[in-house]
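J.: Output the structure for:
(one chain, ligands or ions: 2)
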Amino acid sequence: MSTLVNDDVEKNANNENTHTSTLTVEIPIIPISTTSNEHADIIASPPVTVTVAEASKDTTDTAAIVVKSNNSENNNNNNNANLQQDQQQDQQRQQQNTNTTITTTMTISSKDKMDTDPAMANFKVLFVLTQLIGLTMIVLMGCWIGVHMGGLAGTSNPSIEFNWHPLLMTIGLIFLYGNAILVYRGFRSLRKRTLKLCHAAIHVVAFVLTVLALVAVFDSHNLAPKPIANMYSLHSWLGLAAVIMFCLQYVAGFAAFLAPGAKQSVRAALLPIHVYFGLFGFILAIAAALMGITEKAIFSVKDYSNLPSSGVMVNLCGVLYVTFGALVVYLVTNPNYKRKPLPEDTVLLTSAND
Ligand code: HEM
Ligand code: HEM
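T.: Ligands and ions are numbered 1, 2, ... in the order given. Okay, here's the model as predicted:
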């Protein structure tokens with residue numbers, strides 16, 4: 001094991017704003033059956049230097065790795081004097097090094113303004129605040145349902161089964177949806193691929209809860225002693241539109257960015273569209289939820305116009321939806337908070353799926 005530090009890396013390390021990360025790289029040593037001194041240098045002259053060139057565009061995943069021999073200059077100067085000796089040594093090394101791999105740990109530093117930027121301190125405060133507001137929103141909805149709406153039940157009691165609908169929508173299509181899109185910024189130090197998997201996985205959980213929430217509301221209409229019409233309100237239209245948009249977005253995002261993964265140029269072109277529709281769907285879900293709680297409050301809160309405690313709770317829930325949504329959109333659209341690619345996102349040059 002040897003530690004390899006490249007000149008460029010050191011320059012970056014001295015820079016005031018750097019991001020440092022450690023990588024373990026396996027470098028296969030391929031014996032070449034030739035007596036050419038140039039090739040012999042490549043085979044036989046560790047340490048090898050690995051240069052990582054970061055992508056110039058934030059949205060793309062390209063990088064270049066240059067592997068070169070540190071000793072090649074010295075060896076070239078002494079070509080003639082050492083030629084015979086080198087050839088003998090090379091033959092010995094070729095025998096010893098067949099299929100050998102050097103595993104080495106290297107420290108890579110790259111410019112990352114974000115890490116030392118005071119804007120990041122703001123981000124952290126706002127990120128924690130967003131989580132607190134999101135959790136309060138869920139607890140408040142739970143309390144409203146538990147204290148004023150009769151709690152939760154299964155299909156045997158359709159009017160109470162309905163209560164799963166606002167609870168699961170609040171957790172799934174608002175809180176988890178918001179957090180899935182915050183994941184790239186909130187956990188910026190993780191590798192891009194890990195973040196993609198988290199982003200996709202949180203969206204799946206949000207989707208499952210959304211489906212259960214829809215089952216609950218359709219059951220509450222269809223299984224009622226006197227069945228209630230479906231899909232008559234603006235809330236239900238816009239709510240269903242948000243769910244359909246979410247599903248399309250998931251399929252497109254999965255196919256383009258995860259598996260099978262589009263070409264890099266196509267992914268770069270799709271990303272702004274993906275971000276736009278992702279945020280649009282989120283705002284639409286919040287708008288639908290606001291209509292939903294308003295409708296339910298008018299149906300169920302007794303003496304709503306005198307603002308009883310049940311009315312205050314449901315109103316506060318709406319205020320928290322709006323605040324949570326506003327914070328998520330701010331954190332996801334502020335260019336200062338955008339995650340910069342890490343060297344290890346790209347160092348292994350692993351195709352479309354990075
Ligand atoms: C983003 C979240 C939400 C979405 C996507 C959504 C979606 C839907 C859909 C598609 C329906 C139609 C069901 C049917 O016709 O049988 C519905 C009904 C309903 N939802 Fe929501 N909902 C959401 C949040 C809420 C919230 C937070 C409440 C608050 C209590 C709520 C209250 C209702 C009510 C009262 C109905 C039955 C009346 C109607 O069809 O408008 N919804 N919802
Ligand atoms: C309903 C599903 C989805 C929604 C609503 C959604 C929404 C979003 C949003 C709003 C962003 C911007 C985040 C930011 O700028 O910090 C984003 C970024 C991204 N999403 Fe999705 N997404 C969804 C599914 C997926 C899936 C399945 C994948 C596949 C892995 C994916 C891959 C990405 C990638 C690669 C980015 C770019 C992150 C960056 O700025 O570097 N998305 N998504």
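J.: Every contact and neighbour count from this point should use C-alpha atoms.
T.: OK.
J.: any idea of the mean pLDDT in the one helix or strand residue 216 maps to?
T.: Of the helices and strands defined by DSSP states H and E, residue 216 is found in helix 192-222. The pLDDT scores in helix 192-222 average 98.
J.: Buried residues, it. List them.
T.: Neighbour counts over helix 192-222 (16 or more other CA atoms under 10 Å) mark 192, 195-196, 198-200, 202-207, 209-221 as buried.
J.: any idea of the mean pLDDT for stretch 299-313?
T.: Computed over stretch 299-313, the mean pLDDT rounds to 96.
J.: end to end, how far does that stretch reach?
T.: From its first residue to its last, stretch 299-313 covers 15 Å (CA to CA, to the nearest Å).
J.: Please see if that stretch touches ligand 1.
T.: No - for a cut-off given as CA under 6 Å from any ligand atom, stretch 299-313 has no contacts with ligand 1; the smallest distance is 7.6 Å.
J.: Tell me the buried residues in that stretch?
T.: Within stretch 299-313, the residues that qualify as buried are 301, 310-311, 313, counting by 16+ other CA under 10 Å.
J.: and what of stretch 325-335?
T.: By neighbour count with 16+ other CA under 10 Å, stretch 325-335 contains the buried residues 325, 327-329, 331-332.
J.: Among the buried residues of helix 192-222, which ones lie close to ligand 2?
T.: Applying CA under 6 Å from any ligand atom to the buried residues of helix 192-222, those adjacent to ligand 2 are 196, 200, 203.
J.: Could you pull up the contacting residues of the second one?
T.: Which is residue 200. By CA atoms under 8 Å, 6 or more residues apart in numbering, the residues touching residue 200 are 180, 250, 254.
J.: Against residue 124, how distant is residue 117?
T.: Going from residue 117 to residue 124 by CA to CA gives 12 Å.
J.: for ligand 2, what are the nearby residues on the stretch 151-300 of the chain?
T.: Listed as neighbours of ligand 2 in the stretch 151-300 of the chain under the rule CA under 6 Å from any ligand atom: 181-182, 184-185, 196-197, 200, 203, 246-247, 249-250, 253-254, 257-258, 275, 278-279.
J.: filter these to the buried ones?
T.: Restricting these to buried positions leaves 181-182, 184-185, 196, 200, 203, 246, 249-250, 253-254, 257-258, 275, 278-279, with burial counted as 16+ other CA under 10 Å.
J.: Which ones among these lie within helices?
T.: Assigned to helices by DSSP state H, the following of these qualify: 181-182, 184-185, 196, 200, 203, 246, 249-250, 253-254, 257, 275, 278-279.
J.: Quick check: residues of the stretch 101-250 of the chain near ligand 1?
T.: The stretch 101-250 of the chain has residues 166, 169, 173, 217-218, 221, 230-233, 235-236, 239-240, 242-243 near ligand 1, with proximity defined as CA under 6 Å from any ligand atom.
J.: so which of those would you say is closest to ligand 2?
T.: Ranked by distance to ligand 2 (CA to the nearest ligand atom), those are led by residue 243 at 8.8 Å.
J.: Three-state assignment for the closest one, please.
T.: Here residue 243 is helix, with the state taken from DSSP: H, G, I helix; E, B strand; the rest coil.
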